[in-house]
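>>> here is a sequence together with a model predicted from it:
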Amino acid sequence: MRFQTPLVPARLVRRYNRFLADAVLEETGAPVVAHCPNPGSMMGLRDPGLRIWLEPNDDPKRKLRYGWRLAELPGGHWAGIDTGVPNRVVREALEARAVPDLAAYDTVRPEVRYGARSRVDFLLTGPGLPDAWVEVKNVHLRRDGDWAEFPDSVTARGARHLAELSAVAARGDRAVMLYLVQRTDCARLRMAADLDPGYAAAFGAARAAGVEMLCHGTRIDVAGVTLGAPLPVAD
């Protein structure tokens, strides 16, 4: 996934109101308000002074001229901020048959209704194969070593998706939860049970019910975000 407009560097002043961030452009020193496309807690990615990258736009229909896309991390690493990016990255990878565990499928359909009141991110079909129902979750929490963790705040919706995938597995289709780690300094994934014990319990129950837990890293730079290598998922 390539960014549509070249990104510009800035320094974060504060992130607030969930979807807004104040920043100062590096080139001009001008203060700007940027859209923050992330409803989570963004723990560890919202510290004042953090070097961030914004995507400008000149669309008169948009209230804000900048969108926050990336954060620079120590050691030359990156984190993606936009929670809409993982679905685009995964769709490109699925259509290119670049996700090893799902490469046999030749048809990718996004946003197919399933469960009580949800739409699955992707339904994969292929001749002679069981349908594969795939949910995608964005991951960018890191607190310890090279562990990525999910979630970074309580997510009842996420737990509901796990229950719905469990029902899919029970009827004989493939049910897949794909966690995309949108930062480059992590090598494995575990659940943040201390932040959301309900989700961690739902994760364990879903895995026991046959839901496949996949995780991939990402390759990130100022040009875009693409699918990276598979990462192990802890029990």
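That came in fine, so what should we check first?
>>> helices along the chain, start to end?
For the chain, the helices defined by DSSP state H cover 85-95, 156-170, 197-208.
>>> packed most tightly, which of those would that be?
helix 85-95 (a mean of 20; mean count of other Cβ atoms under 10 Å). The way it works is simple: take the backbone N, C-alpha and C, and place the C-beta from them, glycine included.
>>> residues contacting A193?
A200 (Cβ atoms under 8 Å, 6 or more residues apart in numbering).
>>> that one and Y199, how far apart?
8 Å (Cβ to Cβ, to the nearest Å).
>>> one more: D131?
25 Å.
>>> which among the helices of the chain is found nearest to F19?
helix 85-95 (15.5 Å; Cβ to Cβ).
>>> hey, C-alpha coordinates of the closest one in CSV?
Output of helix 85-95 as CSV, limited to C-alpha atoms (Å, rounded to 0.1, in the frame of the first residue of the first chain):
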residue,chain,number,x,y,z
VAL,A,85,-4.2,0.6,6.6
PRO,A,86,-4.1,-3.1,7.7
ASN,A,87,-7.2,-4.0,5.6
ARG,A,88,-5.7,-2.4,2.5
VAL,A,89,-2.3,-4.1,3.1
VAL,A,90,-3.9,-7.5,3.7
ARG,A,91,-6.3,-7.1,0.7
GLU,A,92,-3.3,-6.4,-1.6
ALA,A,93,-1.5,-9.4,-0.2
LEU,A,94,-4.5,-11.8,-0.5
GLU,A,95,-5.1,-10.7,-4.1
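>>> neighbours of P48, how many?
10 (other Cβ atoms under 10 Å).
>>> model confidence for it, exactly?
Looking at P48, its pLDDT is 97.
>>> residues touching it, list them.
L12, V13, R14.
>>> mind running it again at 6 Å?
Residues near P48 by Cβ atoms under 6 Å, 6 or more residues apart in numbering: none.
>>> then R46?
R15.
>>> ok, now with 10 Å
L12, R14, R15, Y16, A21, C36, N38, I52, A71, I81 (Cβ atoms under 10 Å, 6 or more residues apart in numbering).
>>> W68 against R14, yeah?
No - shown here, W68 and R14 do not form a contact pair, counting by Cβ atoms under 10 Å, at 12.0 Å.
>>> any idea how far G204 lies from V120?
21 Å.
>>> on that earlier part again, W68 and R14: which is more packed in?
W68 (27 against 12).
>>> end to end on stretch 12-24, go ahead and measure it.
End-to-end distance of stretch 12-24 (Cα to Cα, to the nearest Å): 7 Å.
>>> contact partners for the residue most central in space within the chain?
With distances taken as Cα atoms, centre = their mean, N138 lies nearest the centre of the chain, 1.9 Å away. By Cβ under 10 Å, 6+ apart, the contact set of N138 is 38, 40, 80-87, 89, 150-152, 179-182.
>>> at 6 Å what do you get?
T83, P86, Q182.
>>> hang on, the earlier thing: now the helices of the chain as a markdown table including mean pLDDT and distance to P127?
Converted to a markdown table, the helices of the chain look like this (pLDDT from 0 to 100; distance: least, Cβ to Cβ, whole Å):
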| stretch | mean pLDDT | distance to P127 |
| --- | --- | --- |
| helix 85-95 | 98 | 17 |
| helix 156-170 | 96 | 20 |
| helix 197-208 | 98 | 28 |
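>>> got these as JSON lines, with distance to P110 columns?
What follows is those, written out as JSON lines (distance: least, Cβ to Cβ, whole Å):
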{"stretch": "helix 85-95", "distance to P110": "6"}
{"stretch": "helix 156-170", "distance to P110": "15"}
{"stretch": "helix 197-208", "distance to P110": "22"}
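>>> kind regards, and thank you for your time.
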